[in-house]
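Novice: Next one to model:
(one chain, ligands or ions: 1)
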Amino acid sequence: MKGCISSENSPFSFSAHFGMSYAFPDFLCTFYDLRFMELFSIEYIKRMIGKSLMGECMKKELLQEISWVDAKEYFSKNDIAILPVGSTEQHGPHNPLGTDHLIAKALAEEVAKRTGVLCLPVIPFGVSSHHRQFWGTIFIQPKVFREYVKDVCLSLKYYGVKKIVIVNGHGGNTSSLLDVARELRKQGVLVSVFQWWNATGELLPKIFGSDERGHAGSEETSLNLFLYPELVKMDRALNEKPRDLIPKVGGVVGWGADTIDYTNSGVFGDATAASVEKGKKAYEVAVSELTRYVEAIKGLKAENLLSKPPV
Ligand SMILES: [Zn+2]
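Specialist: Numbers count the residues shown, from 1 in each chain. Here you go, the predicted model:
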C-alpha cells in the first residue's frame, strides 16, 4: 500500500476531491480498493473517533485549543481559570518522568470539562533539584519557578481573571506556589492551590497501605496505570523501604537531603501494589473534590477574599 491509506497522502485524494476519479480507469480498481480499505481500516476508525473526541475536548475549555476571539469571549464573561502545574522528575524505574504534570493535567482538564472553566496548558517543570541525581529530572530554581508562575497568573489578570485554581501535581512546588498565592492576593488575584493527595486525605488511606503512599509508590503508579497505562513498566516496579539516616526526633522537619540519600531506585515504599482499580478510585475522588471546589469558587466574589488594608 506504500503508506497511501491516509487520504491526505493519497495520490488519489486530489482527483477524488475534484470528482475526477473516472479519469483514471486503469487505477479505478486500486482506487476503490484503497477507499474501501480506508473506510474500514482501524486507522480510519481511530481517526474518526479521535476527531469526534477532539470535538468534545474543544468545547472551549482548553486555552491552547481556542483562538483569541474565543478567549476574548470567555474572559469577558468569566473571571476564573484553572492552571495545572507539575514537574518532570524521576518517579522510579517504572513510571514516566512526566508523572506529576501528566496527573495534574488529566485532573485539571477533566474538571474544566465538567465545570466549563477555562484550563491553561500544564506547566511541566517544577522545583525538583532533590531528584536531580536520577537521569532526566529537570530542576528549576524556586525563585525562577515562582516568577514564571506569577507571570502566567498576571497574564490572566490582564484579561480580567480574579480567581485562579492551581492544580499542583508535585509536592516540591507547594511552598513556592503558596508564596505566589500570598503575593498575588495583594495584587488583586485570588490564587488557591489544590493537590490531589490532600483532597483525598480520608479516602487514600483506605485504598493504599501506609507503605504504598510514598513518592513513586503505589498511589502515583496506580493513577498512572489508570490514566496512562502505556507509559508504566510494571515489570520494573519495586518495593523499596527508605533508609533511616538521621535520628527520628519530634520537631526535626528536614536537613536538605536528596532522594538519592534515602532510596537507590527513587521509589519510596511499595510500588508493586499498584493497580488500575486503585488508580480509578483515587482519580474519581480527586476529580469530584476538585469539581466541587471549582464550582464553589466560581460563585464567590474575589473582592471579598483579597488582602485587607490596615485596621
Ligand atoms: Zn510525584
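Novice: For the rest of this, base every contact and every neighbour count on C-alpha atoms.
Specialist: OK.
Novice: Just the buried positions in the helix or strand residue 105 falls within, please.
Specialist: According to DSSP states H and E, residue 105 maps onto helix 99-115. For helix 99-115, the neighbour count (16 or more other Cα atoms under 10 Å) marks 99-113, 115 as buried.
Novice: And whichever helix or strand comes after it, what does it pack against?
Specialist: Downstream of helix 99-115, the first helix or strand assigned by DSSP H and E is strand 118-119. Where contact means 3 or more Cα pairs under 8 Å, 6 or more residues apart in numbering; DSSP states H and E, strand 118-119 is packed against strand 80-85, helix 99-115.
Novice: residues contacting the spatially most central residue of the chain?
Specialist: By Cα atoms, centre = their mean, the chain has its centre lying nearest to residue 105, at 1.6 Å. By Cα atoms under 8 Å, 6 or more residues apart in numbering, residue 105 lies in contact with 84, 85, 121, 122.
Novice: could you show me where the strands are in this structure, in order?
Specialist: 80-85, 118-119, 163-168, 190-195, 239-240, 269-270 (DSSP state E).
Novice: ok so, going back, looking at the helices and strands packed on strand 118-119, which is nearest to residue 162?
Specialist: Between residue 162 and the helices and strands packed on strand 118-119, the shortest gap by Cα to Cα is with strand 80-85, which sits at 6.2 Å.
Novice: quick one: buried residues of that closest one?
Specialist: 80, 81, 82, 83, 84, 85.
Novice: any idea how far residue 122 is from the fifth one?
Specialist: To tie it back to what came earlier, the one meant is residue 84. 5 Å (Cα to Cα, to the nearest Å).
Novice: Kindly report the same for the first one.
Specialist: Summarising the geometry, the distance separating residue 80 from residue 122, computed by Cα to Cα, is 16 Å.
Novice: Taking the buried residues of helix 99-115 together, which two end up most distant?
Specialist: Longest span within the buried residues of helix 99-115, Cα to Cα: 99 and 115, 24.3 Å.
Novice: Low-confidence stretches in the stretch 201-311 of the chain?
Specialist: 201 (pLDDT under 70).
Novice: residue boundaries of the helices in it?
Specialist: 204-207, 218-227, 259-262, 276-298 (DSSP state H, counting those that start in this stretch).
Novice: now the stretch 1-150 of the chain
Specialist: Counting by DSSP H, counting those that start in this stretch, one finds helices in the stretch 1-150 of the chain at the ranges 13-17, 25-40, 42-57, 68-77, 99-115, 142-158.
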